[in-house]
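A.B. asks: the sequence and its predicted three-dimensional model are supplied below.
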Amino acid sequence: MHARTESPNDLHLANGTAHRPETLRMNTGDSVTQTFGADVFNERVMRQRLPKDVYKRIQRTIKHAEPLDPEIADVVAAAMKDWAIEHGATHYTHWFQPLTGTTAEKHDAFLVPDGAGGALSEFTGSALAQGEPDASSFPSGGLRATFEARGYTAWDPTSPPFLNRAGGGVTLCIPTAFVSWTGVALDHKTPLLRSMDAISEQALRILKIFGTAHGVSRVMCTAGAEQEYFLIDRSFYFKRPDLLACDRTLFGAKPPKHQQLEDHYFGAIPQRVIAFMVESERELYRLGVPVKTRHNEVAPGQFELAPIFETANLACDHQMLVMETLKKVANRHGLQCILHEKPFAGINGSGKHLNWSMSTDTGVNLLDPRDDTHTNMQFLTFLCAVIRAVDLHADVLRASVASANNDHRLGANEAPPAIMSIFLGDMLTDIIEQIESGSPKSTMKGGKLDLGSRMLPQIPRHTGDRNRTSPFAFTGNKFEFRAVGSSQAVAWPATVLNTIVAESLDFVATELEKSLGKNPSEAKLQQVVKGLLQKLVKQHKRVIFNGDGYDKAWHTEAEKKRKLPNLRNSVDALPVMGSKKNVDLFKKYGVLNKEETESREHIYVEKYNKQVMIEAETAALMARTLVLPAAIRQQTEIATAVGASEAADIDVSSLRDELDEFNDLITTLRARIGKLEKANDVEVADEHKKSVHIRDNVLTAMLSLREVVDELETRISHDLWPLPTYRDMLSIR
């Protein structure tokens, strides 16, 4: 298997800062760039349509996280309604992200009766700021009973409203948070925004210590999530009950040719696929989503899209739009977009690498090492805080990417291991070692590469290679969390990452403030900072690993020598969320209260159970109603051939051997179907105990059944086999 390489784009603008949609400037002569953000109620539109004082007040909310002034809500709502209607909108919706992992919406018309037999358009400030969807049927993990239905959506002004064009209509979508009548968070956005507040508060303390907080009112988390996906012909999709129900194939023999020639990766994009990509990008441009990179991935039929960095909550909203847009546009081209982490066994799976950093609202990337890194004590302080965070909170960071889907990918030779470790590269590792020894005195330089031809330029050589086997890698001016799954909403892992780093920055700031006192000299500041960094490195260097994460020797060293947790699957990982340490962590920084944290553990465990059981029941049904009848037909044909050959006095010994072997396969198939059905029928009331039963018995029975089904696929006549094969599906024409 191959580990995929990083997308060529750096995911940052040239100065390393994140962009906002309204600040991305392109050549106006290009018809594509003219439409960028055309369907977004962004800063440009607000500047044109709002009174100057209202515009300034709403911008303070958006850029500096000041509370929304209720007095301006009606003015903003009226302008937003007029803009939307001018663009063809007839309805509006509060667009939110419940704990299902998808988005949700309830549409309301702008038109209301005027009492005189007609209608007029209406959209008030209160309708903009707050909605009331039913909260009883969404996952709540016990936070709400079925009869307790009231829930609220609250407008997130920092994420611009946008127009959704579908089915011949246009709907104004307003990004919102989703909470219950009691105020507890029932979504991914609310804790994400809380975690962004937490990290901003703690990061500002560090900046004040270094005297660099002047003019900075907020530190923002920035993110950019790469999206890997598969495309198959839609006609095949509808002929596979497993893809329809589970978004992955439960059976399928590996084809003779798949990815072993390494000719698909970064190869020429098929014409049908490039047409799909172009249309997807145009739609995303209209929505203000700054997609940048597209290319073939390692596996046949696998591709990738990557964006430019944005503020984290906006990036998370845009990621949901990316997934929805890819699926919607694929259908128009007769394709099906598959986002599952492992849709095809034995073929590279898909991830969603979450690139993450911190940036001030004045445009300074706090994880940019800059030249002479060894002298940049502020950067080294933030770096060591992140190292400490990943070491101390590896368990909950691992749990943040745990799912039934991702269990098929994490730990394989195509994805990072489940052990959380950090790759720093040669230059930063050298500086970390200098810090541990005393005081950093030099920064390793990269130099130039001479390619041996006069026609080729000398190119800059980085100070270190990349490591594609690391789950958490430093890549120039950001960290890349590579363990996130391709179908996952990135808001939750981003929330966990923000929270653990906020805790670490809090610890570092508190230690420095205690040691420095008021108005310390520059010499004392340097001395105290270097002393603390040395202490942090010695305590947490065990999490730094630049080697091959796939190597079994590393797993042994990580577990036995370094004592790093190795939570191999979701059944092991998800329960750590409810530990006292992690409950206290989220509570301390106002991200989740005890009930909210425990509810998420329950929801994710329950989702794991439901998801695997859907797969298990689908597998048993397909094997009994599709594969077994096909096998019996093949058996009948062989038996008929034996009888005909015997009647013709032809030696049938080899044909009888074939029939006997096939009879044994059918017997095995029947037995394994029965074993899976028996495992499926076991009733376990406790969700955690049920997940253990599913992992140890149901999944084992599924794999055992798959072995014989895949063997039968290679033995049954192609015209009798009832399912499209990998050979059929993985070739886009």
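C.D. replies: It's in.

A.B. asks: quickly find the element holding the closest residue to His693 other than its chain neighbours.
C.D. replies: Nearest non-adjacent residue to His693, counting by CB to CB, 6 or more residues apart in numbering: Val684, 5.3 Å away. The way it works is simple: take the backbone N, C-alpha and C, and place the C-beta from them, glycine included. Using DSSP states H and E, Val684 sits in no helix or strand.

A.B. asks: give me the distance between Val684 and Gly142.
C.D. replies: 18 Å (CB to CB, to the nearest Å).

A.B. asks: and what of Leu128?
C.D. replies: 32 Å.

A.B. asks: more neighbours, these two?
C.D. replies: Using other CB atoms under 10 Å as the criterion, Leu128 and Gly142 rank with Leu128 on top: 24 against 11.

A.B. asks: now do the contacts for that one.
C.D. replies: 73, 76-77, 80, 155, 174 (CB atoms under 8 Å, 6 or more residues apart in numbering).

A.B. asks: ok, and the most crowded of these?
C.D. replies: Highest neighbour count within the contacts of Leu128: Ile174, with 27 neighbours (other CB under 10 Å).

A.B. asks: what about that one, distance to Tyr237?
C.D. replies: From Ile174 to Tyr237 the distance is 33 Å (CB to CB).

A.B. asks: and the residue nearest to Lys530 when sequence neighbours are not counted, how many neighbours does it have?
C.D. replies: Once flanking residues are discounted, Lys530 sits nearest to Ser439: 5.6 Å by CB to CB, 6+ apart. Using other CB under 10 Å, Ser439 has 13 neighbouring residues.

A.B. asks: any weak-confidence spans in the stretch 601-733 of the chain?
C.D. replies: 733 (pLDDT under 70).

A.B. asks: 90 - rerun?
C.D. replies: Residues of the stretch 601-733 of the chain that meet the criterion pLDDT under 90 lie in 645-655, 731-733.

A.B. asks: over to the stretch 301-450 of the chain?
C.D. replies: 309, 370-375, 410-417, 426, 437-450.

A.B. asks: can you map out the helices along it?
C.D. replies: Along the stretch 301-450 of the chain, counting by DSSP state H, counting those that start in this stretch, helices occupy 312-332, 377-392, 394-399, 425-437.

A.B. asks: can I get these in CSV with mean neighbour count and distance to Gly590?
C.D. replies: Below are the helices of the stretch 301-450 of the chain laid out as CSV (neighbours: other CB atoms under 10 Å; distance: least, CB to CB, whole Å):
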stretch, mean neighbour count, distance to Gly590
helix 312-332, 22, 16
helix 377-392, 22, 17
helix 394-399, 24, 16
helix 425-437, 18, 32
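
A.B. asks: any idea which of those helices gets closest to Gly452?
C.D. replies: helix 425-437 (23.4 Å; CB to CB).

A.B. asks: contact partners of that closest one?
C.D. replies: 369, 373-374, 380, 383-384, 424, 440-444, 446, 462-467, 474, 530, 533-534, 537-538, 541, 544, 546.

A.B. asks: list buried residues within those.
C.D. replies: Among the contacts of helix 425-437, those buried by neighbour count (16 or more other CB atoms under 10 Å) are 369, 373-374, 380, 383-384, 424, 440, 443-444, 463-464, 466-467, 474, 530, 533-534, 537, 541, 544, 546.

A.B. asks: among those residues, name the ones in strands.
C.D. replies: Under the assignment DSSP state E, the buried ones among the contacts of helix 425-437 contribute Phe474 to strands.

A.B. asks: and the gap between the residue sitting furthest away from the middle of the chain and Val642?
C.D. replies: Distance from the centre of the chain peaks at Asp649, with 64.7 Å (CA atoms, centre = their mean). In this view, Asp649 and Val642 are 13 Å apart by CB to CB.

A.B. asks: for the protein, which strand is longest?
C.D. replies: strand 169-180.

A.B. asks: if you count neighbours, what's buried in it?
C.D. replies: Here strand 169-180 shows 170-180 as buried, counting by 16+ other CB under 10 Å.

A.B. asks: quick check: the farthest pair among these?
C.D. replies: Most distant of the buried residues of strand 169-180, by CB to CB, are Val170 and Ser180, 30.6 Å apart.

A.B. asks: three-state assignment of Met220?
C.D. replies: Here Met220 is strand, with the state taken from DSSP: H, G, I helix; E, B strand; the rest coil.

A.B. asks: again, but for Tyr550
C.D. replies: Going by three-state DSSP: Tyr550 is coil.

A.B. asks: wait, it sits on Ala415?
C.D. replies: No. The pair Tyr550 / Ala415 is not scored as a contact, 9.5 Å apart, by CB atoms under 8 Å.
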